[in-house]
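A.B. asks: Build me a structure from this.
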Amino acid sequence: MIRINEIKLSLDEDENLLKAKASKILKINSKYITGLTIFKKSVDARKKDDVHFSYSVDVEISLDENQIVSKCKSKKVSLVKPYKYEMPSCERKSDFRPIIVGFGPAGMLAGLILAEAGLRPIILERGKGIDERQRDVNEFWTKAKLDEDSNVQFGEGGAGTFSDGKLTTGIKSPFIRKVLEELYEAGAPEEILYSSKPHIGTDRLAVVVKNIRKKIERLGGEVRLECRVDELLVANGFIHGVRYTCRGNQLDLEADSVIMAIGHSARDTVEMMFRHGCEIIQKAFSVGARIEHPQSLINKAQYGSFAGHPKLGAADYKLACHGLHERGAYTFCMCPGGTVVAAASEKGGVIVNGMSSLARDGENANSALLVGIEPKDFPSEHPLAGIYYQREIEQRAFELAGGDYKAPAQLVGDFLKGEKSTSLGNVEPTYPLGVTLTSLDKCLPEKVTKTMRSAIVEMDKKLSGFALYDAVLTAPETRSSSSVRILRDELLQCNIRGVYPCGEGAGYAGGIVSAAVDGIKCAHAVLSDEH
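C.D. replies: Model prediction:
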């Protein structure tokens, strides 16, 4: 197969022209091209007077590929092998079914691989099925009634289900393609297979998650919802099973392999693992707020006169800089045309996150504006000090905003001047439970607010309007990643043999795709274990 990079199409040109452009680059008649698929599609907006699409395509031809590639003499052209996932051989001899704790991206892909291998995994998820979970989340967003086991963080699909469904990742792994193909097969839009910035959208994610569960079940796996794992059953340093509570009943389940894909918010589970002697260390995480702008402002800043073109949709951004004290500040999980959501999972705490639908057609753009927190900033050297630090910030925000799950908020202009906000401007905050205007200095650490202030000014130089006075900061965002790492060895097991810390909650991923990839890795580790 031949890959051709950097094929340019204007916004008004049709993709049917790709075949003709490919044949011109290869210097062959288009009749010899027997197949063409888009490998990657991106918007090139580096020059605001020439915003266009850039494509990489894979073509199959009826001629000698090696000869054609060598004759065309273009750096844009190369020979590639199509990706095909290969299941590793199963060395496992145990009669026990492997257990997976958590049904977020890591647990889903681990479960899928083990089910495809014929091991009939049992997946325990503390939260409810997606339909009931959505009702519980809506109950919280409209009436401030929080279910601590069924919310934005917990339930079928994990925390990623109530997000933009963003599939960008900084990792490099051949398993990324496997993840995208499974998501597409489960109902995600085809564009995720080739978009440079793929996303599914909150509305589509519910369908995708259900279909992955159904596939696991068809293959012999089992997903037990509303089943919270309370204890690991350990003897002589080896796992022998788990104790869990399911709809009020406590049950024991024997196992010699347990993948702990618990997510970044299962703090009680981390504490339980710590009690059992699992080796856990502090890990850097980030703290900040959601920043909301009019989506039209972001479109104009990114696309200039091309803003509003129907083929472009809502523009996004990704910004980073070093503020005071050289502490990193960056935007994260930017949601074009999205909303800020209430993401609490513990009573008495406020957390914000962002999400958007597949259409991304909301009035506002929002993104996390985060500052890195290092272990040296934690209040103690206790392995779980980061968790306690996060919780302290969330509880402070809860009290500051009035104790009813409203979120503290401040206009960017007031924040930069160090003045408490008293009224909103032209940007209406989208946080569903309402905001309390205040000063974010009262809930966020001083080193965070100092760095955020300098970062906003610097980022405005890169994205015109970022420091818009009326833009709204809603806080706190504390759950962008785990604040602990549960140590594991080259076999991906922790010091309790047979336990596989996995995904974002264990400190080995940061986002849907990287968590799913880690789930595949842990499933492979179970397959290769000969016990």
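A.B. asks: From now on I want contacts and neighbour counts done on CA atoms only, so please keep to that.
C.D. replies: OK.
A.B. asks: Name the nearest residue to His524, sequence neighbours excluded.
C.D. replies: Nearest residue to His524 in three dimensions, chain neighbours excluded: Pro88, at 6.9 Å (C-alpha to C-alpha, 6 or more residues apart in numbering).
A.B. asks: Verify the stated contact: that neighbour with Ala523.
C.D. replies: No: taking contacts as C-alpha atoms under 8 Å, Pro88 lies outside contact range of Ala523: 9.9 Å.
A.B. asks: Name the residues contacting each of those two.
C.D. replies: Between them, Pro88 and Ala523 share no contacting residue under C-alpha atoms under 8 Å, 6 or more residues apart in numbering.
A.B. asks: And these two? Which one has more around it.
C.D. replies: The neighbour comparison of Pro88 against Ala523 (other C-alpha atoms under 10 Å) goes to Ala523, with 28 against 13.
A.B. asks: what pLDDT does that one get?
C.D. replies: As predicted, Ala523 sits at a pLDDT of 98.
A.B. asks: Work out for me the element it sits within.
C.D. replies: Assigned by DSSP states H and E, Ala523 falls within helix 512-528.
A.B. asks: what helices or strands is that helix leaning on?
C.D. replies: helix 105-116, helix 175-185 (3 or more C-alpha pairs under 8 Å, 6 or more residues apart in numbering; DSSP states H and E).
A.B. asks: Could you list the buried residues of it?
C.D. replies: Neighbour-count burial for helix 512-528, with 16 or more other C-alpha atoms under 10 Å as criterion, is recorded at 512-528.
A.B. asks: Can you tell me the SS state at Val57?
C.D. replies: Of the three states, Val57 takes strand according to DSSP: H, G, I helix; E, B strand; the rest coil.
A.B. asks: ok, the closest residue to it other than its chain neighbours - contacts?
C.D. replies: Spatial nearest neighbour of Val57, excluding adjacent residues (C-alpha to C-alpha, 6+ apart): Ile38 at 4.5 Å. When contacts are counted by C-alpha under 8 Å, 6+ apart, Ile38 touches 55-58, 194.
A.B. asks: and if you look at Asp58?
C.D. replies: Contacts of Asp58 by C-alpha under 8 Å, 6+ apart are 1-4, 36-39.
A.B. asks: Tell me where the stretch 201-350 of the chain has helices.
C.D. replies: Applying DSSP state H, counting those that start in this stretch to the stretch 201-350 of the chain gives helices spanning 202-218, 267-275, 295-303.
A.B. asks: Figure out which of the ones you listed is closest to Cys443.
C.D. replies: helix 267-275 (21.0 Å; C-alpha to C-alpha).
A.B. asks: Put the alpha carbons of that closest one into PDB.
C.D. replies: Extracted C-alpha coordinates of helix 267-275, given in PDB (Å, rounded to 0.1, in the frame of the first residue of the first chain):
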ATOM      1  CA  ARG A 267     -10.400   7.300  46.100                       C
ATOM      2  CA  ASP A 268     -12.000   4.800  48.500                       C
ATOM      3  CA  THR A 269     -10.600   1.900  46.400                       C
ATOM      4  CA  VAL A 270      -7.100   3.500  46.400                       C
ATOM      5  CA  GLU A 271      -7.300   3.800  50.100                       C
ATOM      6  CA  MET A 272      -8.300   0.100  50.400                       C
ATOM      7  CA  MET A 273      -5.400  -1.000  48.200                       C
ATOM      8  CA  PHE A 274      -3.100   1.100  50.300                       C
ATOM      9  CA  ARG A 275      -4.400  -0.700  53.500                       C
END
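A.B. asks: Any stretches of the protein with poor pLDDT?
C.D. replies: 164, 323-327 (pLDDT under 70).
A.B. asks: Look through it and tell me its longest strand.
C.D. replies: strand 33-44 (DSSP state E).
A.B. asks: Okay, angle between that one and helix 295-303 too, please.
C.D. replies: Between strand 33-44 and helix 295-303, the angle comes out at 110 degrees (axes from the mean of the first three to the mean of the last three C-alpha atoms, to 10 degrees).
A.B. asks: How far off centre is strand 33-44?
C.D. replies: With C-alpha atoms, centre = their mean, to the nearest Å as the basis, strand 33-44 stands 25 Å off its chain's centre.
A.B. asks: Same check on stretch 241-255?
C.D. replies: So, by C-alpha atoms, centre = their mean, the centroid of stretch 241-255 is 29 Å from its chain's centroid.
A.B. asks: repeat for stretch 100-110
C.D. replies: That offset, for stretch 100-110, works out to 14 Å (C-alpha atoms, centre = their mean).
A.B. asks: which residues sit against that stretch?
C.D. replies: 111, 121-126, 155-160, 179, 212-213, 229, 258-263, 502-504, 512-513, 515-523.
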